[in-house]
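Undergrad: Just to be clear, the model below is a prediction. Sequence and coordinates:
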Amino acid sequence: MIKPEFPPAGSPFPRSIQPPTFAKLKGLDDGELMAQLQAGCNDALAVLFDRYHRLVLSIALKIVRDPGEAEDVMQNVFLEIFRSVAQFDPAKGTTKAWILQYAYHRAINRRQHLNARKFYDQTNLDEVGTHLPENSPTLGGFTQHE
């Protein structure tokens, strides 16, 4: 297996500099973490996730109103942040605002997707009664009172 080198080719960091440890990354501010992530230090994303995953999840949950869907949105937000980190410009806003913008837009998109597929119109199985009406056929051709 080929181990990726750090820093990657074209990185602003000299090859003699080792990537920071996770503990050191936790001490960096958001802007410095984004610079590390842009330079190829993928552990910086884990620190950003630790800082913001609960906030992203709460936004997604308020918008999509389903815990499983909200978790999917949260995962997609951080995956997209990783993929588009080169687009981050600290002159245009903070890291937190950038992440929250992704969270909001991805959750809205997911809600529209779910609405189009009638996700919110489905009956909750917990609300459905577990009792069959009397004289109803059940599996095997027997009725409930037999």
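TA: Received the coordinates, thanks. Small disclaimer: the values here were computed from a predicted structure and weren't measured. Numbering: from 1, shown residues only.
Undergrad: For the chain, which residues score under the pLDDT cut-off?
TA: Within the chain, the segments meeting pLDDT under 70 span 1-17, 123-146.
Undergrad: list the contacts for residue 120?
TA: 65, 114 (C-beta atoms under 8 Å, 6 or more residues apart in numbering). The C-beta positions use only the backbone N, C-alpha and C, and glycine is treated the same way.
Undergrad: part of a helix, is it?
TA: Yes: the assignment for residue 120 is a helix, going by DSSP: H, G, I helix; E, B strand; the rest coil.
Undergrad: any idea how far it lies from residue 56?
TA: Between residue 120 and residue 56 the distance is 21 Å, computed by C-beta to C-beta, to the nearest Å.
Undergrad: How about residue 62?
TA: In this view, residue 62 and residue 56 are 11 Å apart by C-beta to C-beta.
Undergrad: who's more crowded, the two?
TA: Higher neighbour count among residue 62 and residue 56: residue 56, with 25 against 11, using other C-beta atoms under 10 Å.
Undergrad: my guess is that one contacts residue 103, does it?
TA: Yes: using C-beta atoms under 8 Å, residue 56 is in contact with residue 103, at 4.3 Å.
Undergrad: what's the burial count for residue 55?
TA: A total of 14 residues lie near residue 55 under the criterion other C-beta under 10 Å.
Undergrad: hang on, isn't it packed against residue 100?
TA: Yes: using C-beta under 8 Å, residue 55 is in contact with residue 100, at 7.1 Å.
Undergrad: got the buried residues for stretch 58-73?
TA: Neighbour counts over stretch 58-73 (16 or more other C-beta atoms under 10 Å) mark 59, 60, 61, 63, 64, 66, 69, 70, 73 as buried.
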